[in-house]
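In: next one to model:
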Amino acid sequence: MHRSKLRRPRNVLVLFVAVAAVSVSVLVWLSWRLLRQDRALENQRIQERLERAADLIVTSLDLGLSEIENRLSVLSDPGDHALSVAFGPRGAETHPAGRLLYYPFIPPVWESPMTAFEAGETLEFRRQDYIGAIAAFRALALSKDPLIRAGALTRLGRNLRKNNQIHEALAVYEELARLGSTPVGGDLAELLARQARCA
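Out: Numbering: from 1, shown residues only. The predicted model follows:
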């Protein structure tokens, strides 16, 4: 009789702990699910905001493009007392033709032949033989043709930099700067040398 009284409270205690554990598990599960739903809702709101912003940008771009089209349509028909001039690689093009009193001369830009540098660039880019490329470009840098000389000095300085010969590269760029307005790859030799020295 004494033992049965002791077992009942222990059974009640075990039942209480079991009910509490189940309750806590359910509460944790519900909290986790609520947190996931909140995250999904927040992601959906962010997506909606992004879509609204994209719509506003597209509308703004459409308005800007239609405004540019309106301006261009006005320019395409200048009328009797107006003239439009477009400068391109073939010179100045006028609309209507024949009204421009002075046509500026745009001198062609001469470039060194790329075939002159093929052997050195093969050594530099395909074989990563910077020492061999340095020797090839150093020989070309002695050319009397300023275009070949400028192209060779540019490539020589680049390979010296790649080979961590910084002082020699700076000296080469100084020599390149003395070539002034000689074109190298669409740039002027002096400008290219200054940019390379800064780099």
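
In: which residue ranges of this structure form helices?
Out: For the chain, the helices defined by DSSP state H cover 2-76, 118-121, 130-140, 146-162, 166-177, 189-198.

In: deepest-packed of those helices, please.
Out: The highest mean neighbour count among the helices of the chain, using mean count of other C-beta atoms under 10 Å, belongs to helix 146-162: a mean of 23. For the C-beta atoms, the positions are set from N, CA and C on the backbone; glycine is no exception.

In: chain center to that one, what's the gap?
Out: Centroid displacement of helix 146-162 relative to its chain, using C-alpha atoms, centre = their mean, to the nearest Å, is 25 Å.

In: name the helices or strands packed onto it?
Out: Contacts defined by 3 or more C-beta pairs under 8 Å, 6 or more residues apart in numbering; DSSP states H and E place helix 146-162 against helix 118-121, helix 130-140, helix 166-177, strand 183-184, helix 189-198.

In: looking at those, which is closest to Ala20?
Out: Nearest to Ala20, of all the helices and strands packed on helix 146-162, is helix 189-198, at 72.5 Å by C-beta to C-beta.

In: what lies in contact with stretch 154-164?
Out: Residues outside stretch 154-164 that contact it (C-beta atoms under 8 Å, 6 or more residues apart in numbering): 117, 120-121, 124, 130-131, 133-134, 137-138, 141, 166, 168-169, 172-173, 176, 184-185, 189, 192-193, 196.
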